[in-house]
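Colleague: Need coordinates for the below:
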Amino acid sequence: MDILEEFQRPVLTSFSALNDCTVLLLNVTAVTVTVHLCRNRQCLKVIEFYFPYGNVPIVTALVSDEVEFERVIEWPDAGVCCCSDHQQAMAERASLSSMLVQSQSELPSKSMKDSFLEVHLPLGSEPLLREKYLTFHNTVRFGRILEDLDSLAVLISYSHTYNPTLKKSPLSIVTALVDKIDMRHHVIYPDCDIKFTGHVTWVGRTSIEAKMHMSQYRDGAYAPVLDATFVMVARDPENKRAAIVNPLKPEGPEEEKLFQEGEANKSRRVELSTASLLKVAPTAEERKIVHSLFLNTLDNTTVSFRSRVLPPDSVWMQDAKLKGLEICHPQERNIFNRIFGGFLMRKAYELGWANACSFGGCRPSLVAVDDILFQKPVDIGSLLLLSSQVQETHIQVRVHTEVFDPLTRTHNTTNVFHFTFASDRPVPNIVPETYGGKARHRRALHLHYEIPPH
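Modeller: Next up is the predicted model:
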């Protein structure tokens, strides 16, 4: 939850006599809170509170009793205050709920060509745009590409659900899962134009699968770079419950094949979700792998299971970690006043790449992206904790993100990311030391070798 919203309730209580005013918190530091009192979007006063203890978790208690006033600034001619136009737009979106249907049969079927989009990214012809995508090695930032893919998947989904009789769509379409991104070419040239194409390939009742392809213009032709599959979900205008989308009608054998692949992908995702070691015991083959890993770390000079040694050219899994923190600023929000999913993917990828880089002592190249799960939305103002872990030697990296609430001291998982990198030099073997580490190692083996879970 946005920390500013946590301050707003007690501050508003302390000004209960001004019940026709709005309290807008503009800034929070270690020891001060700056508050605007507004009426009809006109700024009346600016008040700065001073907190002698400088401790954020205590601030909410101090607001209504021990607060010392440092400054009160009269501001009658401030004009229109900086109250959020976005929140007003969200309130207007709530009225769109009446446009939602109760049954999929009420919506017309769409074809795959109805959602087809082609988007060009002129990196080669526009140097100013190219600057945004460059790394310090003069290569293309793949995190930026992830942001573009996420935006395109949303746009494709809205194209599928487009209703020409409505001025605004009542649907809130968000990313639920990045099923897979396969790199067909491991080099993205910074001075060549990029083309994205994509369309809907499968539709459920409230979910949409979108496939996208990225190619780059080089030597007089477009060459494929990657293939991506995203799963989107439709929500009501306030993003509180599921909403129904148009059915998809395949046309011809090629589209029918794509649709059946989408059905198979759905079944595979359901199977994988039930195969977690948190739900089922490992198979005989998996137990054999885990036992072999355990035996390789025993000290042969002792008879104790507690004496563990690291095999040659190896690294303990817990020593192959990297962590990061992001403060989620409003500049990264989407139209639903939550943090843009592409931004989360970019930050997770960059941390995962740095983790693989430090582990392998090289500049790794991306091979694939698997199973990016969007479990919970991230609110503006959240403290986002990112934890990257190398799980398998090839280099399989898992990035876990969670939101930390400093007021309640609680952690909530928001996303899980899986990246596969390749190295041009030998890298150490990853050795899990705990059962949890072996479980993550087993998951990485499934992703790399496509071992069936059962």
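Colleague: burial of T414, as a residue count?
Modeller: T414 is flanked by 21 other residues according to other C-beta atoms under 10 Å. For every residue, glycine as well, the C-beta is placed using N, CA and C.
Colleague: wait, it sits on D379?
Modeller: No - assessed by C-beta atoms under 8 Å, T414 is found out of contact with D379, at 9.8 Å.
Colleague: which neighbours do the two share?
Modeller: When contacts are counted by C-beta atoms under 8 Å, 6 or more residues apart in numbering, T414 and D379 have V403 as shared neighbours.
Colleague: Which residues are in contact with T175?
Modeller: Counting by C-beta under 8 Å, 6+ apart, T175 makes contact with D150, A153, V154, F230, V231, M232, G341, F374.
Colleague: Looking at these, which are in helices?
Modeller: Using DSSP state H, the members of these that fall within helices are D150, A153, V154, G341.
Colleague: Leaving out the residues flanking it, which one is nearest to the first one?
Modeller: To tie it back to what came earlier, the one meant is D150. Excluding its sequence neighbours, the residue lying closest to D150 (C-beta to C-beta, 6 or more residues apart in numbering) is G342, at 3.6 Å.
Colleague: Let me know the distance separating that neighbour from L123.
Modeller: Taking C-beta to C-beta, to the nearest Å as the measure, G342 falls 18 Å from L123.
Colleague: again with K110
Modeller: In terms of C-beta to C-beta, K110 sits 32 Å off from L123.
Colleague: May I have the beta-bridge partners of Y217?
Modeller: Y222 (DSSP bridges).
Colleague: can you start the count at 26 instead of 1 from here on
Modeller: Shifting the count to begin at 26 puts that one at Y242.
Colleague: Quick check: nearest residue in space to T322, chain neighbours excluded?
Modeller: According to C-beta to C-beta, 6+ apart, the nearest residue to T322 is R333 (4.7 Å).
Colleague: wait, doesn't the one you found sit right on L323?
Modeller: Yes - with contact defined as C-beta under 8 Å, R333 reaches L323; the gap is 6.8 Å.
Colleague: quick check, nearest of the contacts of T200 to M208?
Modeller: Among these, F255 lies closest to M208 (C-beta to C-beta), at 15.8 Å.
Colleague: And the pLDDT for the closest one?
Modeller: pLDDT recorded at F255 is 97.
Colleague: next one: stretch 415-428 to chain centre, how far?
Modeller: Distance of stretch 415-428 from its chain centroid, counting by C-alpha atoms, centre = their mean, to the nearest Å, is 15 Å.
Colleague: Can you give me the buried ones in that stretch?
Modeller: Neighbour-count burial for stretch 415-428 flags 415-428 (criterion: 16 or more other C-beta atoms under 10 Å).
Colleague: Find the residue ranges of the chain scoring beneath the pLDDT cut-off.
Modeller: Residue ranges of the chain with pLDDT under 70: 26-115, 298-306, 324-332, 459-479.
Colleague: domain parsing for it?
Modeller: Following automatic domain parsing, the chain resolves into domains at 28-108, 122-298, 309-474.
Colleague: what would these look like in a markdown table with distance to A116?
Modeller: Conversion of the domains of the chain to a markdown table gives the following (distance: least, C-beta to C-beta, whole Å):
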| stretch | distance to A116 |
| --- | --- |
| domain 28-108 | 12 |
| domain 122-298 | 9 |
| domain 309-474 | 11 |
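Colleague: Look through the chain and tell me its longest helix.
Modeller: Criterion DSSP H: the longest helix present in the chain is helix 277-298.
Colleague: any chance you could map the helices in the protein?
Modeller: 28-39, 81-88, 110-119, 152-158, 167-185, 277-298, 309-320, 366-385, 460-474.
Colleague: Contacts for the fourth one next, please.
Modeller: Contact partners of helix 152-158, identified using C-beta under 8 Å, 6+ apart, comprise L146, P147, L148, G149, V165, R166, R169, I170, P215, D216.
Colleague: PyMOL command for the buried members of the residues you listed?
Modeller: Selecting only the buried entries of the contacts of helix 152-158 in PyMOL, with 16+ other C-beta under 10 Å as the criterion:
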select buried, resi 146+148+149+165+166+169+170+215
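Colleague: from the contacts of helix 152-158, which is closest to R293?
Modeller: I170 (24.9 Å).
Colleague: Format the contacts of T200 as a markdown table; extra columns: neighbour count.
Modeller: Formatted as a markdown table, the contacts of T200 follow (neighbours: other C-beta atoms under 10 Å):
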| residue | neighbour count |
| --- | --- |
| D175 | 25 |
| A178 | 28 |
| V179 | 22 |
| F255 | 26 |
| V256 | 23 |
| M257 | 25 |
| G366 | 25 |
| F399 | 20 |
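Colleague: contacting residues for N290?
Modeller: D204, W227, E234, T254.
Colleague: likewise P389?
Modeller: Counting by C-beta under 8 Å, 6+ apart, P389 has contacts W378, A381, C382, I420, F446, A447, S448.
Colleague: how about the nearest residue to it, chain neighbours excluded?
Modeller: Sequence neighbours aside, F446 is the residue nearest to P389 in space, at 3.6 Å (criterion: C-beta to C-beta, 6+ apart).
Colleague: Any idea what the one you found is bridged to?
Modeller: F446 has the following beta-bridge partners by DSSP bridges: L391.
Colleague: again, but for F442
Modeller: V424.
Colleague: Tell me if I'm right that it and R423 touch.
Modeller: Yes - under the criterion of C-beta under 8 Å, F442 makes contact with R423 at 7.0 Å.
Colleague: hang on, the earlier thing: check contacts around the residue nearest to D175.
Modeller: The neighbours of G367, taking C-beta under 8 Å, 6+ apart as the test, are L171, E172, D173, L174, D175, S176.
Colleague: Please tabulate those in TSV, including the columns distance to P195.
Modeller: Conversion of these to TSV gives the following (distance: C-beta to C-beta, whole Å):
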residue	distance to P195
L171	28
E172	26
D173	26
L174	25
D175	22
S176	20
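Colleague: ok, so of these, who is nearest E279?
Modeller: Among those, and counting by C-beta to C-beta, the member closest to E279 is L174, at 22.8 Å.
Colleague: Which residues are in contact with that closest one?
Modeller: Contacts of L174 by C-beta under 8 Å, 6+ apart are I206, F221, M237, M239, A253, F255, G367.
Colleague: try 10 Å this time
Modeller: Residues near L174 by C-beta atoms under 10 Å, 6 or more residues apart in numbering: 200, 203, 206, 221, 223, 235, 237, 239, 251, 253, 255, 367, 370, 394.
Colleague: so of those residues, which ones are in strands?
Modeller: Here DSSP state E is the test, and the contacts of L174 give T200, V203, I206, F221, G223, A235, M237, M239, L251, A253, F255, V394 as lying in strands.
Colleague: So what's the residue count around the last one?
Modeller: Neighbourhood size, V394 [other C-beta under 10 Å]: 25.
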